[in-house]
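[1] next comes the sequence, and after it the predicted model I'd like to discuss.
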Amino acid sequence: MFSIDKIRADFPILQREVHGKKLVYLDNGATSQTPQVVIDTIVDYYSNYNANIHRGVHTLSQEATDKYEEARIKIQKHFNAKHSYEIILTSGTTHGVNIVASGFASILQEGDEIIVSALEHHSNIVPWQMLCEKTGAILKVIPMDEDGSLRMDLYHELLNPKTKLVFCNHVSNALGTINPIKEIIHAAHKFGAYVLIDGAQAVPHIKPDVQALDADFYVASAHKMCGPTGVGMLYGKEELLQLLPPYQGGGEMIETVTFEKTTYAGLPHKFEAGTPNICGGIAFGVAVDYMNSVGFDNIEKQENELLSYATQELEKIDGLKIYGTTNKTSVISFNLEGIHPYDVGAILDKLGVAVRTGHHCAQPIMDFYCIPGTVRASFSFYNTKEEVDVLVNAVKKAQMMLS
Ligand SMILES: Cc1ncc(COP(=O)(O)O)c(CN[C@@H]2CONC2=O)c1O
């Protein structure tokens, strides 16, 4: 049974006040909050079994190794990967994208084509631009529409035998748009192109099934789904991860090292050079357990109720424009006519409401709408309708003060 009071009691930070006002945290698109069970896991690790992993002979190292590899299996099962070694633990989404982009630098040829969507976060644009500069490949863009959806008709026209890679986010962090990634993947595979899906904004709301999606690569960050910062995952089909060369050289990623030649470790350690974020990985596994204990059906229901209520109430405000009105998760990007989003965000902060303002690392979207940025309210399952009311009243107050 979903009890919002019980859920909110899991998050100590939600008791905070800012500027003498009760905190209303609506910046979940930037990072989600951390439940007590994840906080306790971090304290427990550093209090009781902090040790380096994989080759220690002593008890603490074995305990830490077991917990770390247990977390990998939890993540594998959550995303329904076929094998645990198809889950590479990274420092986050950006790291995962760069592993794949760097790997294809030795595979792409001049004139090959890469397709990205107009809705991408910079971390799923810049690495591919860098790859094109290195290889002479050509970047093509799936245009977006006024409602924040992708022009799928034009996507199908862009695909051709030269298309080698397609990159798209599952959910736009700036607008909340849920992209038709199954269709995107299926169409790309018809031309033999591989697809990387950026799941960073999807994983707080959706439980992706990478085998059902037939995604070649899927990346996400723990901090967006109640986990700690500095840890994330890259899923890759086994045969594709075998194809890619290592991303970084160092310890962990080797079998044998001589000055004449080094042989590399197999999956997943080939891509996990150096001492990993051991505690973060273990806590990521606990965050996955927590999200599943809440239940993604409950999460979807609560967040959709908040999204429709907030949309309905915000739309009553004259001069307020919402960007992205298509099929979406609980993210609302809006502006007040004639008022810079930064100024709105600053006033909301004084009133206890935490939102994000600016381009949200998605400048091409802001260029499309010819705006400098937006005010973004991003809701999680632990937010409430009462908090939506506080947001709406704060926006009205900001409009009065700034007009
Ligand atoms: C869709 C999307 N892709 C990639 C990233 C990058 O993730 P990492 O920073 O964990 O590597 C983010 C982060 N979301 C940003 C973070 O701050 N505000 C946002 O909307 C994102 O939302």
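    Good, I have the coordinates.

[2] all helices for the stretch 251-400 of the chain, in order.
    Secondary structure of the stretch 251-400 of the chain, counting by DSSP state H, counting those that start in this stretch: helices at 278-294, 296-314, 341-350, 363-369, 385-402.

[3] just the CA atoms of stretch 76-95, as PDB, please.
    Backbone C-alpha positions of stretch 76-95 (Å, rounded to 0.1, in the frame of the first residue of the first chain) are rendered in PDB as follows:
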ATOM      1  CA  GLN A  76      21.400  -6.500 -13.900                       C
ATOM      2  CA  LYS A  77      18.100  -7.900 -12.700                       C
ATOM      3  CA  HIS A  78      16.500  -4.400 -12.400                       C
ATOM      4  CA  PHE A  79      17.300  -3.600 -16.000                       C
ATOM      5  CA  ASN A  80      16.800  -7.200 -17.100                       C
ATOM      6  CA  ALA A  81      20.200  -7.600 -18.700                       C
ATOM      7  CA  LYS A  82      21.000 -11.200 -19.700                       C
ATOM      8  CA  HIS A  83      24.300 -11.300 -17.900                       C
ATOM      9  CA  SER A  84      25.700  -9.400 -14.900                       C
ATOM     10  CA  TYR A  85      28.900  -8.800 -16.800                       C
ATOM     11  CA  GLU A  86      26.900  -6.700 -19.300                       C
ATOM     12  CA  ILE A  87      26.600  -4.200 -16.500                       C
ATOM     13  CA  ILE A  88      29.600  -1.800 -16.300                       C
ATOM     14  CA  LEU A  89      29.600   0.300 -13.100                       C
ATOM     15  CA  THR A  90      30.500   3.800 -14.000                       C
ATOM     16  CA  SER A  91      30.700   7.200 -12.300                       C
ATOM     17  CA  GLY A  92      27.400   8.100 -14.000                       C
ATOM     18  CA  THR A  93      25.600   8.600 -17.300                       C
ATOM     19  CA  THR A  94      28.200  11.000 -18.800                       C
ATOM     20  CA  HIS A  95      31.000   8.400 -18.100                       C
END
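
[4] hmm, it touching the ligand?
    Yes - Stretch 76-95 reaches the ligand (CB under 6 Å from any ligand atom) through 92-94. No exception for glycine: its C-beta is placed from N, CA and C like everyone else's.

[5] now, the residues you listed that are in strands?
    Among the residues of stretch 76-95 next to the ligand, no member is found in strands (DSSP state E).

[6] follow-up on the earlier one: tell me which of the helices of the stretch 251-400 of the chain sits most buried.
    helix 278-294 (a mean of 23; mean count of other CB atoms under 10 Å).

[7] what pLDDT, on average, does the host helix or strand of Asp153 get?
    In this assignment (DSSP states H and E), Asp153 forms part of helix 152-158. Across helix 152-158, pLDDT averages out at 98.

[8] may I have stretch 157-171 exported as CSV, CA atoms only?
    Output of stretch 157-171 as CSV, limited to C-alpha atoms (Å, rounded to 0.1, in the frame of the first residue of the first chain):
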residue,chain,number,x,y,z
GLU,A,157,14.2,9.7,-43.6
LEU,A,158,17.6,10.3,-41.9
LEU,A,159,18.3,6.5,-41.6
ASN,A,160,20.3,5.1,-44.4
PRO,A,161,23.1,2.5,-45.0
LYS,A,162,25.7,5.0,-43.8
THR,A,163,24.0,5.3,-40.4
LYS,A,164,26.2,3.5,-37.8
LEU,A,165,25.1,4.8,-34.5
VAL,A,166,21.9,6.4,-33.1
PHE,A,167,21.6,8.1,-29.7
CYS,A,168,18.5,9.2,-27.9
ASN,A,169,17.4,9.8,-24.4
HIS,A,170,14.5,7.7,-23.1
VAL,A,171,13.1,10.8,-21.3
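
[9] starting at the chain centroid, how far to that stretch?
    20 Å (CA atoms, centre = their mean, to the nearest Å).

[10] find the nearest non-adjacent residue to the one residue sitting closest to the centre of the chain, please.
    The centre of the chain sits closest to Ala200, judged by CA atoms, centre = their mean, with a distance of 1.0 Å. Sequence neighbours aside, Thr93 is the residue nearest to Ala200 in space, at 4.2 Å (criterion: CB to CB, 6 or more residues apart in numbering).
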